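# Sequence below, structure please.
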Amino acid sequence: MISFPFRRAHFIGIAGVGMSATATLLRDAGVAVTGSDEAVYPPISEVLRAEKLDFRTPYAPANIPDGADLIVIGKNAKLVPATNAEVAEAFARAGRGEAKILSFADVLGLLSAGREAIVMAGSFGKTTSVSMMAHCLHGAGLDPSWMIGAVPLSPPAAAHIGTGAQFLLEGDEYPSSNTDDRSKFLHYSPAHVLLTPLAHDHVNVFPTVGEYLAPFEQLLRMVPEDGLIAASTGGELSARFLETQTRPIVTYGIQRGEWQAAGILWGGRTRFTLTHLGKPVTRVETGQLGLHNIENMVGVGAFVLTRGLVSAAQYAGAMASFRGILRRLDRKSEKTSLPVFEGFGSSYDKARSAIAAMRQHFPERRLLAVFEPHTFSWRNRATLHWYDTVFEGCEKVFVYEPASQGAATHDQITLDDIMARLRAAGADVVPVSTREEGVAEIGKVLAANDAVLLLTSGNLGGLIEAVPALAEARFPG
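Here you go, the predicted model:
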């Protein structure tokens, strides 16, 4: 059992994927856990209920139980004392010495202390990579601990306290809390790092490329000399970043790196050969879509096989049985003949990789994208140029109105700005502002030979559920 210095924890903002996973870890470590949020929606509401975690809505000071000696506060614009009475109560208790306030990154740092922490960081692919590695090591009987900032289909849960030496952590570069600007992964003590592709993101926090890369530099300096760093060559900033590193790094990629994927045969079950220094290691089969998932598998293979954690056969078997992650190119319904998938569209590169995967696997179908500019990066004027090329390969794009949360904290663009930019780029776009309007507009054009890609890191105003239902009604299968 992991030793933890607090006995009763309350999570303010428990419906965040990282917060809910961390709450599960604390509960499994023997800590009494409660939580609260403004509102709780699927799939996290289902996760919280399945884990039997006690939570309340909406925010209120009375949500914090008497005797809570730890209060974990999420990173959200609404979680500040000036506008949130529950957060104000938390700070009041902390001021009286009744409780300690930490971020979930602080908590993960404490939980993983003393374990062999393997941190997976990077701009995109880290969620999938930590899920793949957890599935691989768990299947091999190593019983690692892990924290995944999503809802995985493999392994069976987003969080697990194991008896093994390894603790797998999804390492996010975003600030830890509203009172701590340090990247979340800087709270961990990495024994090793798997660095996925790098591309400039979170421009509201990291305005320049140099500022964005700086925390990754710090992270690698934290790895001890006998630790392993495996890094992708594939992102637009990856080569630039790797050129500045002086310590040994194991590289991987599709076309560049010591570890690569060769002889890719695309299909319902895609196959490739994992190679090391040009020599075949094992043949790999997967049901996951897209080149980015192949790259993630190569990275995981490079790490676990270099470390000797599993055999090549065990690794290949795990990749073959890996079922993916909710919201990361998962099919939303098996009750329709129309392929409807959801991609995690939080950045340009993630959106492009999802679109490329759909084009790769459904080349004969017309691709419709239903997109929500949910993150600050998509809503910021500095990245308006992303819209010039992001939807190449999509025949029609439905754009949901941008979220307004945090709009005053950066140079927010409007739906009209986005429409104008996309139309200037030649895209066939339709703006939508409500679930009902979206269903009506999509329903006007939806045809039997279409494929639909839902792209968001939010809830798309309910269209994540409504569009598959529309497809089921029109094209049952």
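
# any low-confidence regions in the chain?
Across the chain, the stretches falling below the confidence threshold (pLDDT under 70) are 1.

# quick one: which helix or strand includes the spatially most central residue of the chain?
What sits nearest the mean C-alpha location of the chain, by CA atoms, centre = their mean, is Thr127, with 4.6 Å. Counting by DSSP states H and E, the element that carries Thr127 is helix 126-139.

# Burial check on Gly74, number of neighbours?
By the criterion of other CB atoms under 10 Å, Gly74 has 22 neighbours. (C-beta placed from N, C-alpha, C; glycine too.)

# For it, give me its contacts.
By CB atoms under 8 Å, 6 or more residues apart in numbering, the contact set of Gly74 is Phe11, Ile12, Gly13, Ile14, Gly16, Gly18, Met19, Ser103, Phe104, Ser177.

# just checking, which of those residues belong to strands?
Among these, the subset assigned to strands under DSSP state E consists of Phe11, Ile12, Ser177.

# how close does the residue nearest to the second one when sequence neighbours are not counted sit to Phe272?
In this case it means Ile12. For Ile12, ignoring the flanking residues on the chain, the nearest one in space by CB to CB, 6 or more residues apart in numbering is Ile73 at 4.8 Å. Taking CB to CB, to the nearest Å as the measure, Ile73 falls 44 Å from Phe272.

# So if I had to pick from these two, which one is more boxed in?
With neighbours defined as other CB under 10 Å, Ile73 and Phe272 compare such that Ile73 has more, 25 against 22.

# Contacts made by the helix or strand hosting Ala354 with the rest, please.
Following DSSP H and E, the helix or strand that holds Ala354 is helix 348-361. Here helix 348-361 makes contact (CB under 8 Å, 6+ apart) with 123-124, 197, 199, 201, 235-236, 266, 289-293, 329, 339, 341, 343-345, 367, 369, 371, 377, 383, 386, 390-394, 451, 453, 455.

# Let's see which of these end up in helices.
When DSSP state H is applied, the contacts of helix 348-361 are split such that Leu291, His292, Asn293, Ser377 fall in helices.

# Out of those, which is nearest to Glu86?
Of all those, the one sitting nearest Glu86 is Ser377; the distance, using CB to CB, is 28.4 Å.

# re the thing from before, residues in contact with the very next helix or strand once past the helix holding Thr127?
Next in sequence after helix 126-139, counting helices and strands by DSSP H and E, comes strand 145-147. With contact meaning CB under 8 Å, 6+ apart, strand 145-147 is reached by 2, 18, 21-22, 25, 108, 111-112, 115, 130, 133-134, 155, 158-162, 164, 166-170.

# swap the cut-off to 7 Å and go again
Outside strand 145-147, the residues within contact range by CB atoms under 7 Å, 6 or more residues apart in numbering are 21-22, 25, 108, 115, 130, 134, 159-162, 167-170.

# now, which of these sits nearest Ala466?
For Ala466, the nearest member of these is Ala21. The distance, counting by CB to CB, is 27.2 Å.

# and that closest one, how many neighbours?
A total of 26 residues lie near Ala21 under the criterion other CB under 10 Å.

# Could you list the residues in contact with the helix or strand containing it?
For Ala21, the enclosing helix or strand under DSSP H and E is helix 17-28. For helix 17-28, the external contacting residues (CB under 7 Å, 6+ apart) are 4, 9, 11, 13-14, 33, 35, 44, 47-48, 51, 53, 72, 74, 104, 107-108, 111, 147-151, 158-159, 161.

# Quick one: work out the angle between the helix or strand just after it and helix 17-28.
Taking DSSP H and E as the definition, the helix or strand that follows helix 17-28 towards the C-terminus is strand 32-36. Counting by axes from the mean of the first three to the mean of the last three CA atoms, to 10 degrees, strand 32-36 points 160 degrees away from the direction of helix 17-28.

# Okay, helices next: where are they in this protein?
If DSSP H is used as the criterion, the helices of the chain fall at 17-28, 44-50, 85-95, 104-112, 126-139, 209-221, 238-243, 291-307, 312-321, 348-361, 376-379, 415-424, 435-445, 463-474.

# Of all the ones you listed, which one is nearest Lys184?
When those are compared (using CB to CB), the closest one is helix 104-112, at 3.8 Å.

# helices or strands next to that closest one in the packing?
In this structure, helix 104-112 makes packing contacts with helix 17-28, strand 166-170, judged by 3 or more CB pairs under 7 Å, 6 or more residues apart in numbering; DSSP states H and E.

# Ok, which of these comes nearest Ser311?
Comparison of the helices and strands packed on helix 104-112 against Ser311 by CB to CB identifies strand 166-170 as nearest, at 16.3 Å.

# So which residues make contact with the closest one?
Counting contacts by CB under 7 Å, 6+ apart, the residues outside strand 166-170 that touch it are 108, 112, 115-120, 126-127, 130, 133-134, 137, 142, 144-149, 188.

# repeat for stretch 385-392
Tyr348, Ala351, Arg352, Ala369, Val397, Ile418, Arg421, Leu422, Ala425, Ala427.

# Mind listing what's buried along that stretch?
When burial is assessed from 16 or more other CB atoms under 10 Å, stretch 385-392 yields the following buried residues: Trp386, Tyr387, Val390, Phe391.

# Quick one, which of the contacts of helix 348-361 are buried?
Judged by 16+ other CB under 10 Å, buried ones among the contacts of helix 348-361: 123-124, 197, 199, 201, 235, 289-293, 329, 339, 341, 343-345, 367, 369, 371, 377, 383, 386, 390-391, 393-394, 451, 453, 455.

# give the contact list for the residue in the chain sticking out farthest from the centre.
Relative to the mean C-alpha coordinate of the chain, counting by CA atoms, centre = their mean, the farthest residue is Arg96 (36.5 Å). Residues touching Arg96, when contacts are defined by CB under 7 Å, 6+ apart, are absent altogether.

# Now it: phi and psi?
Backbone geometry at Arg96, expressed as degrees, to the nearest 10, gives phi -90, psi 0.

# cool, Arg323 as well?
With angles defined as degrees, to the nearest 10, Arg323 sits at phi -100, psi -10.

# Excluding chain neighbours, give the residue nearest to it in space.
What sits nearest to Arg323 in space, not counting adjacent residues and going by CB to CB, 6+ apart, is Leu153, at 3.8 Å.

# Just the buried positions in stretch 90-99, please.
Neighbour counts over stretch 90-99 (16+ other CB under 10 Å) mark Ala90, Phe91, Arg93, Ala99 as buried.

# What distance do you get for the last one to Ala357?
Here the distance between Ala99 and Ala357 works out to 45 Å (CB to CB).

# Check the second one too.
Separation of Phe91 from Ala357 (CB to CB) stands at 44 Å.

# what does the first one give?
Noted for Ala90: a distance of 42 Å to Ala357, by CB to CB.

# Would you mind giving the domain segments of this structure?
Per automatic domain parsing, the structural domains of the chain span 8-102, 106-321, 330-474.

# hmm, back to that, looking at the contacts of Gly74, which one is closest to Leu460?
Gly16 (17.5 Å).
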